[in-house]
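Asks: Predicted model, plus sequence, below.
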Amino acid sequence: MNKTKTSELDYELNKNNIAQIRYKKPKNSKILSAENKKIIKFKNLKSIIPKKTVLVLNKSRVQNVRIKTFKSLTKGKVEIFILNKISSYVCECLIKFNGSKKVGETIHTEIFNFIILDKNDTCFTIETSLEIDYVINSFGSTPLPPYIEDLPSKYNDYISDFSNGGFSVAASTAGLHFDNKMIKLLKKSGILIKFINLDIGLGTFKPINTQYVDDYVIHSENYSMKKKDYEDLLHLKDNGYSVVAVGTTVLRVLETIAITGNYGGSTSLFIKPDFKFKITNYLITNFHAPKSSLLSIVLTIYGHKWKELYAYAQKKKLKFLSFGDAVLFKIVWIIYY
């Protein structure tokens, strides 16, 4: 198969189509059915998915990992973005402040002190004078995406109602369309619900920076799913149920387990053209940014018609990215067990 050029994942996104606020009532957001281009309110989701459906959602919670403080002496601004906890006092992070950032250097801030233990092309490893959980819970703020204006009034809106546990630094945005009330109503109507946990990293925002999609190395993320829940999915599929992944994170976890047989660990599964789906029947996802690895999933499922679909969505004034509207894709090419 010929390599896919990254330019095939590019399109012009009108800034006016980027949602800056979440719908006050998530159920009033919109969802576009890619199969027939029908647009409905999300609260009517049941009308466009099979009667025998099991929805799978990512319950990993966005943590308050953005720490803003000042240097003790100079009062210069310091911003730390925690990416991953290694131990109670050691983490990987991004650091922003004026001045040197040398390995072995101790930085004194008004909140805590930290030593730079290591650095590489993507992040720093630091040791803090206070427990990292305490810093996050006491001084951290929600890390909104770079394309959304950073206002405290939006922080809670970036956290899904049902999220619990995990350590994500970005939201599973497809899950933002669901609140606890809607989940309860779906269950009552016969729709089954399962959960996975995938801790979403900053890599979700990174555009593909290679000429060809095939040459891009995707970020790895930690995931888990209860063995019984996955076995239930297989049993339900055998009995005519459709598996609907709510978000690309869920899709990657389900397909990772199908490939590896591991119900937890780290996944760097990169879904790109020629990938053969093994368990997922439908995908609910938001509209993604140009040249993102998430668009590679859309291309794989929907083919080159995705550009026409995205243009149609913009013409219909649907909202894009994290706080935006959603699209439902039917996955046709599935290898059944």
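Replies: Cool, the structure landed. The structure displayed is predicted, hence computed values, not measured ones.
Asks: Could you chop this structure up by domain?
Replies: Domain assignment of the chain by automatic domain parsing yields the ranges 6-62+152-330, 66-141.
Asks: End to end on the last one, go ahead and measure it.
Replies: In other words, domain 66-141. End-to-end distance for domain 66-141: 5 Å, by C-alpha to C-alpha, to the nearest Å.
Asks: per-residue confidence for residue 204?
Replies: Listed pLDDT for residue 204 reads 77.
Asks: excluding its backbone neighbours, what's nearest it?
Replies: Spatially, and ignoring its direct neighbours in sequence, residue 204 is nearest to residue 170 (5.2 Å; C-beta to C-beta, 6 or more residues apart in numbering). C-beta here means a position set from N, CA and C on the backbone, and glycine is covered the same way.
Asks: now do residue 322
Replies: In space, and not counting its chain neighbours, residue 322 is closest to residue 173: 4.5 Å by C-beta to C-beta, 6+ apart.
Asks: Over to residue 28?
Replies: residue 41 (5.9 Å).
Asks: Return the residues in contact with that neighbour.
Replies: 27-31 (C-beta atoms under 8 Å, 6 or more residues apart in numbering).
Asks: cool, residue 195 as well?
Replies: Counting by C-beta under 8 Å, 6+ apart, residue 195 has contacts 56-59, 162, 225, 229.
Asks: could I get those residues as TSV with secondary structure, pLDDT and neighbour count?
Replies: Conversion of these to TSV gives the following (DSSP: H, G, I helix; E, B strand; the rest coil; pLDDT from 0 to 100; neighbours: other C-beta atoms under 10 Å):
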residue	secondary structure	pLDDT	neighbour count
56	strand	98	25
57	strand	98	24
58	strand	98	30
59	coil	98	18
162	coil	95	17
225	coil	98	22
229	helix	98	14
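Asks: just the residues you listed now: which is nearest residue 147?
Replies: residue 58 (20.8 Å; C-beta to C-beta).
Asks: what number of residues lie near the closest residue to the closest one other than its chain neighbours?
Replies: Excluding the flanking residues, the one nearest residue 58 by C-beta to C-beta, 6+ apart is residue 172, at 4.0 Å. Neighbour count of residue 172, defined by other C-beta atoms under 10 Å: 28.
Asks: Also residue 110?
Replies: Neighbours around residue 110, by other C-beta under 10 Å: 11.
Asks: So it versus residue 73, what's the distance?
Replies: 10 Å (C-beta to C-beta, to the nearest Å).
Asks: likewise residue 162?
Replies: For residue 162, the distance to residue 73 - C-beta to C-beta - is 45 Å.
Asks: now do residue 252
Replies: Applying C-beta to C-beta to residue 252 and residue 73 gives a distance of 45 Å.
Asks: Among those two, which residue is more densely surrounded?
Replies: Counted by other C-beta under 10 Å, residue 252 and residue 73 do not tie: residue 252 has more neighbours, with 24 against 7.
Asks: Give the helix, strand or coil label for that one.
Replies: Assigned by DSSP: H, G, I helix; E, B strand; the rest coil, the conformation of residue 252 is helix.
Asks: quick one, strands of the stretch 201-337 of the chain?
Replies: 221-224, 242-246, 264-267, 282-286, 326-330 (DSSP state E, counting those that start in this stretch).
Asks: Tabulate the ones you listed (TSV), appending distance to residue 105.
Replies: Output for the strands of the stretch 201-337 of the chain, formatted as TSV (distance: least, C-beta to C-beta, whole Å):
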stretch	distance to residue 105
strand 221-224	29
strand 242-246	43
strand 264-267	30
strand 282-286	40
strand 326-330	45
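Asks: Quick one: those as a markdown table, columns for mean pLDDT, mean neighbour count and distance to residue 16 too.
Replies: Listed next are these as a markdown table, based on pLDDT from 0 to 100; neighbours: other C-beta atoms under 10 Å; distance: least, C-beta to C-beta, whole Å:
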| stretch | mean pLDDT | mean neighbour count | distance to residue 16 |
| --- | --- | --- | --- |
| strand 221-224 | 96 | 21 | 32 |
| strand 242-246 | 98 | 24 | 27 |
| strand 264-267 | 96 | 15 | 35 |
| strand 282-286 | 98 | 25 | 17 |
| strand 326-330 | 98 | 22 | 19 |
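Asks: got the CA coordinates for stretch 273-280 in PDB?
Replies: Extracted in PDB, the C-alpha atoms of stretch 273-280 (Å, rounded to 0.1, in the frame of the first residue of the first chain):
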ATOM      1  CA  PRO A 273      -5.100   3.500   6.500                       C
ATOM      2  CA  ASP A 274      -5.000  -0.300   6.100                       C
ATOM      3  CA  PHE A 275      -5.700  -0.900   9.800                       C
ATOM      4  CA  LYS A 276      -8.300  -3.700  10.200                       C
ATOM      5  CA  PHE A 277     -10.700  -3.200  13.100                       C
ATOM      6  CA  LYS A 278     -11.500  -6.200  15.200                       C
ATOM      7  CA  ILE A 279     -14.200  -5.300  17.700                       C
ATOM      8  CA  THR A 280     -15.500  -1.800  17.300                       C
END
